[in-house]
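*Asks:* Predicted model follows, preceded by the sequence.
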Amino acid sequence: MTIVDPTTTTAWATLTGLKTAYTPDLRAAFAGDPERAARFTRTCADLYVDLSKNLVDDHILEALVALADEVGLGDRRDAMLSGERINVTENRSVLHTALRRPAGDSLVVDGTDVMPEVHEVLDKIYAFADKVRDGEWVGVTGKPIETVVNIGIGGSDLGPVMVYEALKPYVHERIQCRFISNIDPTDSGEKLSDLDPETTLFIVASKTFTTLETLTNARMARDWLWRRLIEQGAIEDTEEARKGAVAKHFVAVSTALDKVADFGIDPANAFGFWDWVGGRYSVDSAVGTVVCVAIGKENFADFLGGFHAVDEHFATAPWAQNVPALMGLLNVWYVNFFKAASHAVLPYAQYLHRFAAYLQQLTMESNGKGVRADGEPVTTETGEVFWGEPGTNGQHAFYQLIHQGTQLIPCDFIAMANTAYPTKDGDADVHELLLANFFAQTKALAFGKTAHEVRAEGVAEELVSAKVFEGNRPTTSIMAPALTPSVVGQLIALYEHITFTQGVVWGIDSFDQWGVELGKQLAMQIAPAISKDDAALAQQDASTRGLIAYYRSQRS
Ligand code: F6P
């Protein structure tokens, strides 16, 4: 793969010149151009995306589009969509987009059409979800399932949790879902303590089926199930009864079906996927089984349809109209030309309260890299920190820094036109109060408040500077009709392709994650040193020895 160093392109030189000459003044930009809001607003499937409050003008946008062309974004996108092995360090295709293509499509990769298998697994998941929802799938004592516990971590957890929370109004009334991820025993302890094992079904989700946290939690859950069923007199304390309980109360999601069988789960109760689905891109694969059980197959199909609509847009819209590409290029503009180190994503939708956590893995595990896909060091800053919380809560916590701090923090604001809970407070529509805040914040960030305006309010002179808002803080506003399964799929696909666009400009492989390995290896080496193996302890560095000594002195 030939990597184009973005800093050697003509567009980069143009952008450098434009940045030097550019003095952000959004007040003047809007005052001087009544068409600005309309000209900088785009649509992508159901998403209405207002880019007009970004620190750009037409020349900057043109140069960013030229940058996309010069680094070969189109070729890289097409290579991804057609199944070329663009994940070079793992020698894998990157085909999460295949997971949401409609039945009947064909996508031949290495001589095999992957689409029939994608839909075969999907049909198996749909049949399973129907059975659980209809009460046909019962536990060992014949009771229908009331709680589904997904055990997974990283991509096998964050996507499912986020989507389950986002689509709460669509969840089956008899079924609740819980999520165990952390190896901290308090996580499983809290999630399991009040459950009835007779009505609980576990989904063990792990792409590799080797992940320490997930396998440990799965074994603990299996022990909990056996212990509690035996205590309740639901099963005998025999090997056969235990096996029977696992068959009724455990299913698995993995690319390693042999390891699933080793754990004791019948492969008939396992849902597969493929090495060309990255963990953080997998909520639309069998990893979404928990979501499918919760919301049902029709809604899950709409969810996948939302992804696909954005994929089609990304695949076909010219860059100047292409929302994910433009948002990715704007992120590059801020990271590389304004030295922005972070990016906030602020949903004015409480149901999206796990969206930022989900995006942190998607963006930061993908683009937090200092080496390019060809092994050479990157030539620019990469991988800004993504973070956020729902509005309006964040307004009462960290917005101070976004409005008046010394760092430039580009923000994406997300809101829905309709709520699942239309509510009045007297005459006031409460959802409109939420939206008033959504509209107000981007306005305040863009246009600020001058010293002159502060003084005109009669503020004492010594307080004027503290009450001035500089403005020119960039935001993108994203709106959609409602938080439907399709819109949630659209939002995820939007950010997947934003992440991809940034990775292409920086020349990095956005689909590997070698940076997570060292800590995992060291944890395995250190584990024996903690309480037993003094020889292993002696091999540790002084700081680690000191920390372990403290632990030993304090443990009860
Ligand atoms: O350690 C990082 C990681 O590999 C993520 O990329 C992945 O989503 C997570 O662990 C879980 O992996 P698995 O699904 O194989 O258990």
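*Replies:* Ah, there it is.

*Asks:* From now on I want contacts and neighbour counts done on CA atoms only, so please keep to that.
*Replies:* Will do.

*Asks:* doesn't Phe413 fall inside a strand?
*Replies:* Yes - with DSSP: H, G, I helix; E, B strand; the rest coil as the criterion, Phe413 is located in a strand.

*Asks:* Could you count how many residues lie near it?
*Replies:* Neighbour count for Phe413, taken as other C-alpha atoms under 10 Å: 24.

*Asks:* Spell out which parts of this structure neighbour the ligand.
*Replies:* Within reach of the ligand by C-alpha under 6 Å from any ligand atom, the chain has these residues: 153-156, 206-209, 211, 279-280, 516.

*Asks:* Distance to Gly17, secondary structure and pLDDT added to the residues you listed, as TSV?
*Replies:* Below are those laid out as TSV (distance: C-alpha to C-alpha, whole Å; DSSP: H, G, I helix; E, B strand; the rest coil; pLDDT from 0 to 100):
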residue	distance to Gly17	secondary structure	pLDDT
Ile153	45	coil	98
Gly154	41	helix	98
Gly155	40	helix	98
Ser156	44	helix	98
Ser206	48	coil	97
Lys207	46	coil	95
Thr208	47	coil	95
Phe209	51	coil	96
Thr211	48	coil	96
Gly279	40	helix	98
Arg280	37	helix	98
Val516	38	helix	96
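
*Asks:* now those residues: which count as buried?
*Replies:* Buried residues within those, counting neighbours by 16 or more other C-alpha atoms under 10 Å: 153-156, 206-207, 209, 279-280.

*Asks:* From what I see, Arg280 and Met364 are in contact.
*Replies:* No - with contact defined as C-alpha atoms under 8 Å, Arg280 does not reach Met364; the gap is 10.3 Å.

*Asks:* What separation is there between the closest residue to the ligand within the stretch 351-500 of the chain and Tyr281?
*Replies:* Per C-alpha to the nearest ligand atom, Glu365 is where the stretch 351-500 of the chain lies closest to the ligand, at 7.2 Å. Going from Glu365 to Tyr281 by C-alpha to C-alpha, to the nearest Å gives 11 Å.

*Asks:* the more surrounded of the two?
*Replies:* For Glu365 and Tyr281, the more surrounded residue by other C-alpha under 10 Å is Tyr281, and the numbers stand at 23 against 20.

*Asks:* Quick check: that one touching Thr363?
*Replies:* No - look at Tyr281 against Thr363 with C-alpha under 8 Å: they stay out of range, at 10.6 Å.

*Asks:* For the nearest residue to Lys424 once chain neighbours are set aside, give me the pLDDT.
*Replies:* Once flanking residues are discounted, Lys424 sits nearest to Val430: 5.6 Å by C-alpha to C-alpha, 6 or more residues apart in numbering. pLDDT recorded at Val430 is 98.

*Asks:* cool, and Lys532?
*Replies:* Value for Lys532, per-residue pLDDT: 81.

*Asks:* what's the burial count for it?
*Replies:* Neighbour number of Lys532 under other C-alpha under 10 Å is 10.

*Asks:* tell me the contacts of the residue in the stretch 451-556 of the chain that the ligand sits nearest to?
*Replies:* At 5.3 Å from the ligand, Val516 is the closest residue in the stretch 451-556 of the chain, using C-alpha to the nearest ligand atom. Taking C-alpha atoms under 8 Å, 6 or more residues apart in numbering, we find Val516 in contact with no residue.

*Asks:* all numbers from here: first residue = 56
*Replies:* All set: I'll call the first residue 56, so the last point we hit is now Val571.

*Asks:* Tell me how far it lies from Glu444.
*Replies:* Distance from Val571 to Glu444, by C-alpha to C-alpha: 25 Å.

*Asks:* Can you name the residue of the stretch 56-205 of the chain nearest to the ligand?
*Replies:* At 11.9 Å from the ligand, Asn205 is the closest residue in the stretch 56-205 of the chain, using C-alpha to the nearest ligand atom.

*Asks:* which secondary structure element contains that residue?
*Replies:* According to DSSP states H and E, Asn205 maps onto strand 202-206.

*Asks:* now Tyr219
*Replies:* Short version, using DSSP H and E: Tyr219 is in helix 213-221.

*Asks:* Kindly calculate the angle that the helix or strand just after that helix makes with helix 213-221.
*Replies:* Remark: after helix 213-221, the chain's next helix or strand is strand 231-235, criterion DSSP H and E. In terms of direction (axes from the mean of the first three to the mean of the last three C-alpha atoms, to 10 degrees), strand 231-235 departs from helix 213-221 by 150 degrees.

*Asks:* For strand 231-235, which strands pair with it and how are they oriented?
*Replies:* strand 202-206 (parallel) (DSSP bridges).

*Asks:* tell me which residues in the strand it pairs with are buried?
*Replies:* 202-206.

*Asks:* now do stretch 76-94
*Replies:* Using 16+ other C-alpha under 10 Å as the test for burial, stretch 76-94 gives 79-81, 84, 91.

*Asks:* Would you confirm that the residue of the stretch 406-555 of the chain closest to the ligand contacts Gln568?
*Replies:* Yes - contact status for Glu420 versus Gln568: in contact at 6.1 Å, counting by C-alpha under 8 Å.

*Asks:* quick one: the helices in the stretch 256-405 of the chain?
*Replies:* 267-286, 294-304, 312-318, 344-350, 352-371, 378-387 (DSSP state H, counting those that start in this stretch).

*Asks:* What mean pLDDT does the first one get?
*Replies:* In this model, helix 267-286 carries a mean pLDDT of 98.

*Asks:* Please apply the same query to the fifth one.
*Replies:* Per-residue pLDDT over helix 352-371 has a mean of 98.

*Asks:* who does it touch, helix- and strand-wise?
*Replies:* helix 170-189, helix 344-350, helix 378-387, helix 540-561 (3 or more C-alpha pairs under 8 Å, 6 or more residues apart in numbering; DSSP states H and E).

*Asks:* and the angle from the first one to helix 352-371?
*Replies:* Here helix 170-189 points in a direction 150 degrees away from that of helix 352-371 (the same axes, to 10 degrees).

*Asks:* Buried residues of helix 170-189, list them for me.
*Replies:* 170, 173-174, 176-177, 179-181, 183-188.

*Asks:* between those residues, which is nearest Phe468?
*Replies:* Ranked by distance to Phe468 (C-alpha to C-alpha), the buried residues of helix 170-189 are led by Leu177 at 33.0 Å.

*Asks:* Just confirm the closest one contacts Ala341, I think it does.
*Replies:* Yes - Leu177 lies in contact with Ala341 (C-alpha under 8 Å); the separation is 7.3 Å.

*Asks:* that's a strand at Leu250, yeah?
*Replies:* No - with three-state DSSP as the criterion, Leu250 is coil rather than part of a strand.

*Asks:* which ones are touching it?
*Replies:* Contacts of Leu250 by C-alpha under 8 Å, 6+ apart are Thr202.

*Asks:* Check Val365 too.
*Replies:* Contacts of Val365 by C-alpha under 8 Å, 6+ apart are 99-100, 545, 548-549.

*Asks:* Make TSV out of those and add neighbour count.
*Replies:* TSV is the format used below for the contacts of Val365 (neighbours: other C-alpha atoms under 10 Å):
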residue	neighbour count
Cys99	20
Ala100	18
Gln545	26
Ala548	24
Leu549	26
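
*Asks:* Tell me the confidence at the nearest residue to Met170 once chain neighbours are set aside?
*Replies:* Excluding its sequence neighbours, the residue lying closest to Met170 (C-alpha to C-alpha, 6+ apart) is Ser161, at 5.6 Å. Note on Ser161: pLDDT of 96.

*Asks:* just Ile547 next, same as before
*Replies:* 99.

*Asks:* need the contact list for it.
*Replies:* Contacts of Ile547 by C-alpha under 8 Å, 6+ apart are Phe362.

*Asks:* now it: how far from Glu175?
*Replies:* On the measure of C-alpha to C-alpha, Ile547 and Glu175 end up 23 Å apart.

*Asks:* Can you get me a residue count around Glu525?
*Replies:* Glu525, neighbours per other C-alpha under 10 Å, totals 18.

*Asks:* swap in the one 4 residues further on?
*Replies:* Applying other C-alpha under 10 Å, we find 24 residues neighbouring Pro529.

*Asks:* Not counting its neighbours along the chain, what's nearest it?
*Replies:* Asn109 (4.5 Å).
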